[in-house]
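Student: Next comes the sequence, and after it the predicted model I'd like to discuss.
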Amino acid sequence: MQHGYSIELFTQEYEQLMKEPWVKFGTKLKLREFKELLDHLPRTSSVAVISAPMLQKELFTDSGAGTLIRRGYKLFKHDSVDKIGADRFRQVIHDRDPDVLSGYQSVTGVLNELKKTPYTIYGDDPLDVVAVVSRPEGEVPVMTRLLASRNGVLNSVTDNVFNAIKKDHRRLFWTAQADDENRAWHFERADGSFTRAGKSLFWYGVQDVAEVERIVKGFEASGRIERAYLPVGPAAPPHKTGAAPAGAKAFSTLARRPMLGSTRGYATAAAPPSTEPKRLGLIGARGFTGQALTTLLSGHPYLNLTHVSSRQLAGYALDGYAKAPITYSNLSTEDVKEMEKEGVVDAWVMALPNGVCKPFVDAIDSGAEARTKGEKSVIVDLSADYRFEKEWTYGLPELYGRTPIRTSKRISNPGCYATSSQLLIAPLLKYLKPGAWPTVFGLSGYSGAGTIPSNDPDGRPISLPKVTPDSLGGAVRPYALTDHIHEREAGHHLSTLLSDQSERAKLAFVPAVAPWFSGIISTLSMPLSQKVTAKEIVAQYEEAYKGERLVRIQKQVPGLQDIEGKHTWTVGGVQVHSEGERVVVVGGLDNLLKGAATQCLQNLNLALGYDECAGIPIDA
Ligand SMILES: NC(=O)C1=CN([C@@H]2O[C@H](COP(=O)(O)OP(=O)(O)OC[C@H]3O[C@@H](n4cnc5c(N)ncnc54)[C@H](OP(=O)(O)O)[C@@H]3O)[C@@H](O)[C@H]2O)C=CC1
Ligand SMILES: CC(=O)N[C@@H](CCC(=O)OP(=O)(O)O)C(=O)O
């Protein structure tokens, strides 16, 4: 009997897990014990981990709450069919390849096609899953085959193989047919997709529609992906017409097996914004960012706060939310899992300190597993915990696009300083002197440090700022002078914008905390590769942020009055050094708004299908 969460523990994953920073003390010990236990069991056995109080539920109901850990087989990757045994591979193609099963291609035809480009075969030892990635030098990799047995799908080997591919390939394109019984799996793993007449093209790692178009044109020219899967042909591509081409005819004239009729435009195709009411659960509602989001949601036309969680305020009424009376509760991970399983909310927001979100996210994941296939709520995490995770979408719409956010269920909200730094640097990357680091000096209001719980004279719990003007002695205090996590975060994501992907973007970030409540002023100083005028720099910002409703470009240096309480990121005060070799620009945002709650609402709106700025009172 197995319910809840299932994990395949591979030897190499075990070693990787033990190195993870969040795997400490008790978790380390438990993993070591699982491994020792599994090492002595045959692979047909497994270990169910449940808590003692849940034992009865686990045994006598169909809604148990355990974690199943199974000793998985070793994964492999090879550059030649011979390394896994040509006969075994032929058998897999013969038994599972949809083109072979439908009589469209012979086994030999598939093998010959494979040899046309350099390729890597990924899989597990018993060949429950075999995937082939074609990877010609300098071209976008394409997963040409993903052949899984039922066992492979049920035991999540498909996910493990796909994760191994993701580790090797920053971006990937692949196809699937509408009658693929694991169709939902593809949509969940893709950043974008295009479906026409039952054929779907999927991709991850490409954020920009123009870039998708360029790559698709390359596939059309090279024939690496059959034309019927590509958004090309006599009809205008759907993202240009703004509508999915109902039943648009594929360009290919090849007779194929009958397909289920299904159409879906680019995931980017702008459907009219939804006005359907949806429900949100907020975990960490007592804190500064939780409060800021509550205020925004109070004026949101469609998105309703239905559950707010705080350990300190459980049982008290929520202030600052006008749409309905709500009482704080102290939601445990078990509660959250049950709520997700029942579909009680459409989205969750985690407004928790760094390092404590994972048990909640895991609970939501395992609640979602018990739901009808493919159903799960959106999570937006305000902490830094998932900002480097490839499986999560980094939600900074102005720089990394809307498509991935619209189609994602797991969104990491960027850090406040990191948002301002990236918005400052991104449009100027092409002028950055090679090898030089731009420097950002960030000055933040003290609300950036969060709260501590306390009590008012009547004993009601209240939140006090962790840092106060008094504790700062009314002055400014520089801190975390190197290696602030936002330095790494900004560099990590800016790197994805570089034209040469072997390069990494780096910046020097120097923060200081100031005795005002909220508002970050970031001053960028960047060495230039060529002589550029201030006018040309301003033109870069205007071009990059044309039409952006939450960006303001002004002539003067932004002051606190332009930033505090405002929902926008504001940039101004561009100056180029008299020798023309260095530019200085100032950007600013409210750390609790565009640095946290407003950006979170932008992401929620996109992921739930609303207008991106619904509920955001855009500043005049
Ligand atoms: N403040 C800012 O300017 C920004 C903050 N962020 C990030 O957003 C997140 C929230 O920040 P902020 O609102 O300032 O933080 P606060 O310290 O103000 O609030 C933290 C919240 O989490 C709850 N909480 C704390 N520890 C736990 C725990 N172990 N389990 C469950 N709940 C817990 C607290 O409520 P209770 O104790 O009642 O349960 C409180 O509601 C952080 O990760 C922060 O780094 C991001 C951008 C800007
Ligand atoms: C003034 C102050 O202390 N600021 C916080 C940033 C808060 C924040 O936004 O942190 P994350 O977004 O990374 O969670 C700090 O420097 O750690």
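Tutor: It's in. Ligands and ions are numbered 1, 2, ... in the order given.

Student: Strands of the stretch 1-150 of the chain, residue ranges please.
Tutor: Taking DSSP state E, counting those that start in this stretch as the criterion, the stretch 1-150 of the chain carries its strands at 5-9, 46-49, 67-71, 75-78, 119-124, 129-134, 142-148.

Student: for the record, mean pLDDT for the second one?
Tutor: So that's strand 46-49. For strand 46-49, mean pLDDT is 54.

Student: do you know how far the one residue sitting closest to the centre of the chain is from R402?
Tutor: Closest residue to the average C-alpha location of the chain: T393 at 1.5 Å, with Cα atoms, centre = their mean. From T393 across to R402, the span is 10 Å (Cβ to Cβ, to the nearest Å). For every residue, glycine as well, the C-beta is placed using N, CA and C.

Student: before we move on, what about V585?
Tutor: 25 Å.

Student: Neighbour count: those two, which is higher?
Tutor: V585 (28 against 20; other Cβ atoms under 10 Å).

Student: and that one, what element?
Tutor: V585 is part of strand 582-589, with elements assigned from DSSP states H and E.

Student: Packing partners of that strand?
Tutor: helix 416-425, strand 520-527, helix 534-544, helix 560-563, strand 569-576 (3 or more Cβ pairs under 8 Å, 6 or more residues apart in numbering; DSSP states H and E).

Student: Determine which stretch of those is the most buried.
Tutor: Of all the helices and strands packed on strand 582-589, helix 416-425 has the most neighbours on average by mean count of other Cβ atoms under 10 Å, namely a mean of 28.

Student: Helix, strand, or coil at the residue of the stretch 501-620 of the chain found nearest ligand 2?
Tutor: At 4.3 Å from ligand 2, V513 is the closest residue in the stretch 501-620 of the chain, using Cβ to the nearest ligand atom. V513 carries the three-state label strand when classified by DSSP: H, G, I helix; E, B strand; the rest coil.

Student: where does it sit relative to V557, distance-wise?
Tutor: According to Cβ to Cβ, V513 and V557 sit 20 Å apart.

Student: So which of the two has more stuff around it?
Tutor: Neighbour totals were compared for V513 and V557, and V513 leads with 22 against 18 (other Cβ under 10 Å).

Student: circling back to that earlier point, quick one: contacts for the residue nearest to the centre of the chain?
Tutor: Remark: with contacts taken as Cβ atoms under 8 Å, 6 or more residues apart in numbering, T393 is in contact with D191, P404, I405, S408, R410, I411, S412.

Student: Show me the one in those residues that has more neighbours than the rest.
Tutor: S412 (27 neighbours).

Student: Check it and give its pLDDT.
Tutor: For S412, the model assigns a pLDDT of 98.

Student: Give me the pLDDT for the nearest residue to S149 once chain neighbours are set aside.
Tutor: Once flanking residues are discounted, S149 sits nearest to D128: 4.8 Å by Cβ to Cβ, 6 or more residues apart in numbering. For D128, the model assigns a pLDDT of 91.

Student: count of residues packed around D128?
Tutor: D128, neighbours per other Cβ under 10 Å, totals 22.

Student: Check the contact between it and S156; I expect there is one.
Tutor: No - using Cβ atoms under 8 Å, D128 is not in contact with S156, being 10.5 Å away.

Student: can you list the residues of the stretch 251-400 of the chain near ligand 1?
Tutor: Residues of the stretch 251-400 of the chain lying close to ligand 1 by Cβ under 6 Å from any ligand atom are 284-290, 310-313, 351-354, 356, 382-383.

Student: Which members of those are classed as buried?
Tutor: The neighbour-count test (16 or more other Cβ atoms under 10 Å) applied to those identifies 284-290, 310, 312-313, 351-352, 382-383 as buried.

Student: which one of those residues sits closest to ligand 2?
Tutor: The closest of these to ligand 2 turns out to be S383 (Cβ to the nearest ligand atom; 5.1 Å).

Student: Which residue comes closest to that closest one once chain neighbours are left out?
Tutor: In space, S383 is closest to N354, 4.7 Å off (Cβ to Cβ, 6+ apart).

Student: So that neighbour sits against A384, correct?
Tutor: Yes - taking contacts as Cβ under 8 Å, N354 lies within contact range of A384: 5.0 Å.

Student: list the residues that contact both of the two?
Tutor: By Cβ under 8 Å, 6+ apart, the residues touching both N354 and A384 are I485.

Student: just to revisit the earlier point, may I have the beta-bridge partners of the residue of the stretch 501-620 of the chain closest to ligand 2?
Tutor: Counting by DSSP bridges, V513 forms beta bridges with S444, R477.

Student: For it, give its distance to G205.
Tutor: Following Cβ to Cβ, the distance that separates V513 from G205 is 36 Å.

Student: residues in contact with stretch 325-340?
Tutor: Counting by Cβ under 8 Å, 6+ apart, 65, 281, 283, 285-286, 305-311, 313-318, 345, 348, 359-360, 362-364, 366-368, 371, 376-377 sit against stretch 325-340.

Student: The same query, at a cut-off of 6 Å, please.
Tutor: By Cβ atoms under 6 Å, 6 or more residues apart in numbering, the residues outside stretch 325-340 that reach it are 308-311, 313-314, 316-318, 359-360, 363-364, 366-368.

Student: That one: which residues count as buried?
Tutor: For stretch 325-340, using 16+ other Cβ under 10 Å, the buried residues are I326, Y328, S329, L331, T333, D335, V336, K337, E338, M339, E340.

Student: just stretch 214-230 next, same as before
Tutor: Counting neighbours by 16+ other Cβ under 10 Å, stretch 214-230 gives I215, V216, F219, E220, R224, I225, E226, A228, Y229, L230 as buried.

Student: D79: which of these is nearest?
Tutor: The shortest approach to D79 among the buried residues of stretch 214-230 belongs to R224, at 18.0 Å (Cβ to Cβ).

Student: Quickly note the distance from the closest residue to that closest one other than its chain neighbours to ligand 1.
Tutor: Among residues not flanking R224 along the chain, V142 sits closest, at 5.6 Å (Cβ to Cβ, 6+ apart). Noted for V142: a distance of 38 Å to ligand 1, by Cβ to the nearest ligand atom, to the nearest Å.

Student: Which residue does the protein have closest to ligand 1?
Tutor: Closest contact between the chain and ligand 1, by Cβ to the nearest ligand atom, is at G287 (2.0 Å).

Student: which residues are in contact with stretch 131-142?
Tutor: Taking Cβ under 6 Å, 6+ apart as the rule, stretch 131-142 contacts 117-122, 143-146, 161, 165, 169, 172-173, 215, 224.

Student: please redo it, this time with the cut-off set to 7 Å
Tutor: Under the contact criterion Cβ atoms under 7 Å, 6 or more residues apart in numbering, stretch 131-142 has outside partners 114, 117-123, 143-146, 161, 165, 169, 171-174, 215, 224-225.

Student: Now do the buried residues in that stretch.
Tutor: By neighbour count on 16+ other Cβ under 10 Å, the buried set for stretch 131-142 is A131, V132, V133, S134, R135, V140, P141, V142.

Student: pLDDT wise, what is the residue of the chain closest to ligand 1 at?
Tutor: At G287, pLDDT is 97.

Student: Tell me if I'm right that it and V349 touch.
Tutor: No - with contact defined as Cβ atoms under 7 Å, G287 does not count as touching V349 (11.3 Å).

Student: which ones are touching the residue of the chain closest to ligand 1?
Tutor: Counting by Cβ under 7 Å, 6+ apart, G287 has contacts A351, G450, T451, S463.

Student: and with 8 Å instead?
Tutor: Going by Cβ under 8 Å, 6+ apart, the list of residues near G287 reads A351, L352, G450, T451, S463.
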